[in-house]
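Novice: mind folding the following:
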Amino acid sequence: MAVPPFTFGPGTAEVFSVSQLAIIVISLVLMALSITAYWNTHLRKVLFAIIIFALFAIQHIINYIDAQVADIMPDDIRFTLFSSITLAILVLFFFTIVKK
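Specialist: Now for the predicted structure:
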């Protein structure tokens, strides 16, 4: 198991692991709630929320696997991927708010 690059003292890796897993679980729960809301309302804005929560979960799953399980990609590619996913999330939030 690889140690995250920001280990400053005892317990930091555990805090990282717990926070990453909590973010993943909460993102998936919110995505499931959004799917249920879409089935009930058929609002197009809820589709954006589903995609946003899915992208957020994917981003943190990749980050957790890369830092804790196995080094699956070089850091420069991971940083580029995360920046692109974050940009996509922000653009989707923008369209969700602006679109009527």
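Novice: how about the most centrally placed residue in the chain, nearest residue that isn't a chain neighbour?
Specialist: By CA atoms, centre = their mean, the mean C-alpha position of the chain lies nearest to Phe56, the distance being 2.2 Å. Nearest non-adjacent residue to Phe56, counting by CB to CB, 6 or more residues apart in numbering: Ser27, 4.7 Å away. Every residue, glycine included, has its C-beta placed from N, CA and C.
Novice: the one you found - how many residues pack around it?
Specialist: 20 (other CB atoms under 10 Å).
Novice: tell me where this protein has helices.
Specialist: Here the chain has its helices, by DSSP state H, at 12-41, 44-64, 75-98.
Novice: dump those helices to JSON lines, plus mean pLDDT.
Specialist: Converted to JSON lines, the helices of the chain look like this (pLDDT from 0 to 100):
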{"stretch": "helix 12-41", "mean pLDDT": "90"}
{"stretch": "helix 44-64", "mean pLDDT": "91"}
{"stretch": "helix 75-98", "mean pLDDT": "89"}
